[in-house]
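> Next come a sequence and a model predicted from it.
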Amino acid sequence: RQTDRQTDRQTDRQTDRQTELSAIKLIQYVFGYASIELGTIATVTKLAGYEFTKYVTYSDEGKIIALRGLNIKNGKLDLSDVKYIDKSDLSKLNRSKLCSGDMLFTYVGTVGQVAVIHENDKYYLAPNVALIRVDRKLVNPEYMRYFFQTKVFWDTQINRLLQSSSMKNMPMEKIRKFILQIPSMEEQNRIVEILDHFDALCNDLSTGLPAEIEARQKQYQYYRDKLLSFKERE
């Protein structure tokens, strides 16, 4: 009987989830996008500092990298200064194991830096960095990464929350309450394709032509903000 009750609860949760997905897709169809609280479509978590202190051993060589705040810059991973944790008790750190598609968000010190993981079995979460694992039926992680970098998102959410705090940090419950404007998956993919193109142009030009680089970067920022700003409809 207990097994039957567990099965019934699981079925109810799946039914509720399908109902939520259908409602979101209907809103996207009617209005072009849905405004969604991050915590309803993603797992947002962090690693407790004591877990690292107890189970982690840093070294300067290895294969498994602990991603710290300094490794997340300008929307990408910066692996110029890394610490390896191959000799740590990884069996105790399952909650910090990162998978392809996970997004990182720095919430202490330099708040708001983001990056998306593109490999499995290579990275673990270090303290002071939040993991955002989104429902990929609804959101392309790359779309979310670009969205988090827009001026309007910073002005209306990150900076507003930081101004109300005496410390440069952001609690998990605040991050979970971020509001994202989510269009259909097809539109998300289109936006990501355009912005990836501009991003590639900027990086390809990084060996020369400083003026052209600056112009491309401004153009990229303009289109990023324009593509990811959603006006309220009457």
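Thanks, I have it.
> The protein: helices as residue ranges?
Assigned by DSSP state H, the chain shows helices spanning 2-31, 38-41, 49-55, 141-148, 151-153, 159-163, 172-176, 185-204, 210-227.
> how many neighbours does residue 83 have?
18 (other CB atoms under 10 Å). Placement of C-beta: from N, CA and C, glycine included.
> check contacts around the closest residue to it other than its chain neighbours.
Using CB to CB, 6 or more residues apart in numbering and skipping the chain neighbours, the partner closest in space to residue 83 is residue 58 (4.4 Å). Residue 58 makes contact with 66, 83, 84, 85 under the criterion CB atoms under 8 Å, 6 or more residues apart in numbering.
> Could you check the pLDDT of residue 58?
According to the per-residue confidence, residue 58 scores 91 in pLDDT.
> quick check: longest strand of the protein.
strand 129-134 (DSSP state E).
> pLDDT wise, what is the closest residue to residue 132 other than its chain neighbours at?
The shortest distance from residue 132 to any non-neighbouring residue, by CB to CB, 6+ apart, is to residue 103 (4.4 Å). We have a pLDDT of 98 for residue 103.
> Residue 103 touches residue 145, doesn't it?
Yes - with contact defined as CB atoms under 8 Å, residue 103 reaches residue 145; the gap is 5.9 Å.
> tell me, what's touching these two both at once?
114, 115, 116.
> Relative to residue 22, which of those is nearest.
residue 116 (27.1 Å; CB to CB).
> Quick check: which ranges of this structure have low pLDDT?
For the chain, the stretches flagged by pLDDT under 70 are 1-17, 26, 29, 31, 163-167, 204-211, 232-234.
> And the residue nearest the centre of it?
By CA atoms, centre = their mean, the chain has its centre lying nearest to residue 103, at 3.2 Å.
> Enumerate every residue touching it.
Shown in contact with residue 103 (CB under 8 Å, 6+ apart): 114, 115, 116, 117, 131, 132, 133, 134, 141, 144, 145, 148.
> Pull the number of nearby residues for residue 149.
If you count neighbours by other CB under 10 Å, residue 149 ends up with 19.
> doesn't residue 225 make contact with it?
No - counting by CB under 8 Å, residue 225 is not a contact partner of residue 149; they are 9.1 Å apart.
> now the helices of the chain as JSON lines including distance to residue 70 and mean neighbour count?
As requested, these are exported to JSON lines (distance: least, CB to CB, whole Å; neighbours: other CB atoms under 10 Å):
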{"stretch": "helix 2-31", "distance to residue 70": "36", "mean neighbour count": "11"}
{"stretch": "helix 38-41", "distance to residue 70": "24", "mean neighbour count": "18"}
{"stretch": "helix 49-55", "distance to residue 70": "15", "mean neighbour count": "13"}
{"stretch": "helix 141-148", "distance to residue 70": "18", "mean neighbour count": "22"}
{"stretch": "helix 151-153", "distance to residue 70": "22", "mean neighbour count": "16"}
{"stretch": "helix 159-163", "distance to residue 70": "19", "mean neighbour count": "13"}
{"stretch": "helix 172-176", "distance to residue 70": "20", "mean neighbour count": "16"}
{"stretch": "helix 185-204", "distance to residue 70": "20", "mean neighbour count": "15"}
{"stretch": "helix 210-227", "distance to residue 70": "22", "mean neighbour count": "14"}
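> Thanks a lot, catch you later.
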